[in-house]
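> need a structure here:
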Amino acid sequence: MVSNEEAKFNSFKLQVKSSDVSRIFREDLWPEGNDPVLVFLFGLLEEESAELTQMASLVIKETRFSYEHHPISSDVSFDSPCDASHHQLLRLLAELNVVPPELADVICKRRPPLINIHHYCSVSCMKGMLKLCNLRFQPPIRMNVDLRYSRDKEEKMSFVQKFIKCESIEGSKIWIWPRDHTELWNDVRGWRIGQANSFQQVNIECMDIEGNPCEEFSFGNHLSELELIEFERSHSFLLEAALHKPLTSLQLINCCDKLDNRCISLIRQLLRNQRNLQRVQLTSSPWQPQHFGFFLADFAQMENLQSLEISLKNSTDKEKRSLEAILKRNKLSELTIHSSKYSRSLYSVLNEGFHSMSSLRELHLRRVDFIHLPNLRHLDLINFSLLLPSELNDDGIAVLSDALRSWRNLQQLRIDFNVPVAECSLRKLFEAIAGCHRLQILHFDCLEMADSVVPSVCKMIESLKQLRKFTSDFQRDKSLTEEGFKQLEPILKRNGLNTFIKMPKVTKKLQEMEHDFFEWFRERVIGAACT
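Now for the predicted structure:
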């Protein structure tokens with residue numbers, strides 16, 4: 001017997017209009033407050049394929065599902081972008097038992113070329129990916145997987161093993177952090193890293209690996225990319241395992257100690273025997289600067305080299321000539337130089353090279369003085385970074401601003417400040433950035449953003465119609481007050497713009513809390529112990 005109350009709910013019909021869902025995005029209710037609401041509605045609409053498809057189409061449009069093409073950073077300190085926007089559609093799909101054909105057609109038409117599975121992706125993300133596995137994508141969607149910090153590594157491994165068996169998903173790159181050489185051996189064997197039907201690109205955190213695996217160690221014959229973080233001499237067996245593999249990318253990142261003759265010999269074999277090698281990175285730990293200029297002669301012989309990142313320290317004349325040959329060949333699309341000291345001759349090589357590097361699209365420099373690089377304006381960059389501890393002073397800002405006015409195709413810009421600069425210089429810089437109308441990502445570090453320059457910042461952001469991410473991290477001083485921040489708020493709340501500004505007041509509050517804790521600890525704990 002059905003009660004009147006039950007009958008009332010049994011006859012209840014829920015109607016959801018696309019305009020109602022659109023309002024969630026338009027009125028800044030997305031994603032934190034209404035993420036559970038959309039998940040709930042998506043499940044209810046399973047039998048209403050037309051409404052479900054309409055809602056999913058809007059979610060795809062608003063969350064940029066079909067534009068998630070940015071790779072996971074190699075930096076161990078990166079923040080996972082697995083948030084409500086990036087993986088929203090995956091979590092919604094997890095609510096369905098079956099994906100209706102109409103919805104499947106919409107997803108296939110707006111399919112992303114790449115999906116990243118991050119170290120703290122939820123189970124819902126994984127279940128949503130399994131739903132994608134049942135769809136027919138041509139070509140397959142490439143998938144990156146980060147397992148470095150996963151607490152539920154075994155559960156994620158189970159999901160990912162299902163993914164790579166699916167014809168619609170193609171394993172692209174995997175990040176692992178083996179806790180010892182045995183776990184390394186098990187990971188490489190278990191994931192079939194380097195084999196044709198699995199991940200052919202791998203990033204390995206080496207800091208916990210001691211000694212060689214007890215059994216013969218090897219990668220699959222299709223290994224195309226090898227990244228080794230915190231590489232040491234004892235890890236040379238990893239280089240040996242990569243010999244005669246069809247590598248297109250070799251990266252030794254944050255090398256912890258000086259390379260011995262065996263490591264140097266293996267690296268040279270890899271550089272000379274790999275005709276397909278296009279990307280090379282040899283960088284030292286920031287705390288132990290090293291010089292890898294002795295490999296520049298080898299790089300100069302690589303006709304297909306397109307991306308170079310290297311740590312330099314007191315380069316010889318012969319090494320500078322090799323660098324000059326690499327730059328003038330005009331085949332590099334990406335260049336990153338870490339140097340503890342730039343000599344005048346090294347500046348000269350770079351500056352002359354920039355004049356003829358029409359193919360260069362990404363440039364990242366550390367510890368550089370722009371005064372010696374006026375030819376930056378001749379480049380056509382889409383991505384530029386000035387990294388700490390470079391000293392960007394007023395004269396340097398003038399040169400950089402001049403270059404920015406010529407970089408009309410720039411899409412990503414990062415500037416790390418390290419010394420005080422005049423407000424008039426900052427205004428000129430913001431004005432130059434405002435002219436980069438294709439800019440999508442803008443990052444400042446240690447910027448002195450005083451209230452008086454906030455109007456210039458607002459004007460800059462208003463002019464950047466394609467900007468979708470703005471970050472100002474670690475204010476150098478306390479010049480930006482709450483009043484100044486209130487002027488910024490309306491601009492930062494622009495629909496589709498992801499922003500983060502670290503306010504000095506928050507930092508000060510944390511310092512006060514830290515001070516109070518140590519005072520309490522000194523009085524209560526140390527004082528009690530002494531008595």
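> what does the model give the closest residue to Val421 other than its chain neighbours for pLDDT?
Nearest in space to Val421, with sequence neighbours left out and distances taken as CB to CB, 6 or more residues apart in numbering, is Asp394 at 5.5 Å. (C-beta placed from N, C-alpha, C; glycine too.) Listed pLDDT for Asp394 reads 91.
> Now Asp394. Its backbone dihedrals?
For Asp394, the backbone dihedrals (degrees, to the nearest 10) come out as phi -60, psi -40.
> From Val457, how far out is it?
Separation of Asp394 from Val457 (CB to CB, to the nearest Å): 18 Å.
> does Asp58 sit in a helix or strand, and which one?
Careful, residue 58 is Leu; it's not Asp. Following DSSP states H and E, one finds Leu58 within helix 49-62.
> Ignore what I typed, I meant Thr283.
Per DSSP H and E: strand 279-284 holds Thr283.
> which other helices and strands contact that strand?
Applying 3 or more CB pairs under 8 Å, 6 or more residues apart in numbering; DSSP states H and E, we find strand 279-284 packed against strand 249-255, strand 307-312, strand 334-339.
> Give me the distance from the first one to the chain's centre.
What that stands for is strand 249-255. The chain centroid and the centroid of strand 249-255 are separated by 16 Å, computed with CA atoms, centre = their mean, to the nearest Å.
> right, and the helix or strand after that strand?
Sequence-wise, the next helix or strand downstream of strand 249-255 (DSSP H and E) is helix 261-273.
> ok, now the last one?
Remark: after strand 334-339, the chain's next helix or strand is helix 344-354, criterion DSSP H and E.
> between that following helix and strand 334-339, how big is the angle?
In terms of direction (axes from the mean of the first three to the mean of the last three CA atoms, to 10 degrees), helix 344-354 departs from strand 334-339 by 170 degrees.
> Now do the buried residues in helix 344-354.
Buried residues in helix 344-354, counted by 16 or more other CB atoms under 10 Å: Leu346, Val349, Leu350, Gly353, Phe354.
> same deal with stretch 261-269?
Cys263, Leu266, Ile267.
> what does stretch 289-309 give?
289-293, 295-300, 302, 305-309.
> what do you get for stretch 481-492?
Those would be Gly484, Phe485, Leu488, Ile491, Leu492, for stretch 481-492 by 16+ other CB under 10 Å.
> ditto for stretch 417-435
Per 16+ other CB under 10 Å, stretch 417-435 contains these buried residues: 417-418, 421, 425-435.
> and the angle from the strand holding Thr283 to helix 261-273?
Put simply, strand 279-284 runs at 160 degrees to helix 261-273, going by the same axes, to 10 degrees.
> For strand 279-284, which strands pair with it and how are they oriented?
Take DSSP bridges as the rule and strand 279-284 pairs in its sheet with strand 249-255 (parallel), strand 307-312 (parallel).
> Among these, which comes closest to Thr283?
strand 307-312 (4.7 Å; CB to CB).
> CA atoms of the closest one as PDB?
The C-alpha coordinates for strand 307-312 follow below in PDB (Å, rounded to 0.1, in the frame of the first residue of the first chain):
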ATOM      1  CA  SER A 307      64.400  22.000 -27.500                       C
ATOM      2  CA  LEU A 308      67.500  22.600 -25.200                       C
ATOM      3  CA  GLU A 309      67.600  23.300 -21.500                       C
ATOM      4  CA  ILE A 310      71.100  23.500 -19.900                       C
ATOM      5  CA  SER A 311      73.000  24.700 -16.800                       C
ATOM      6  CA  LEU A 312      76.100  26.700 -17.600                       C
END
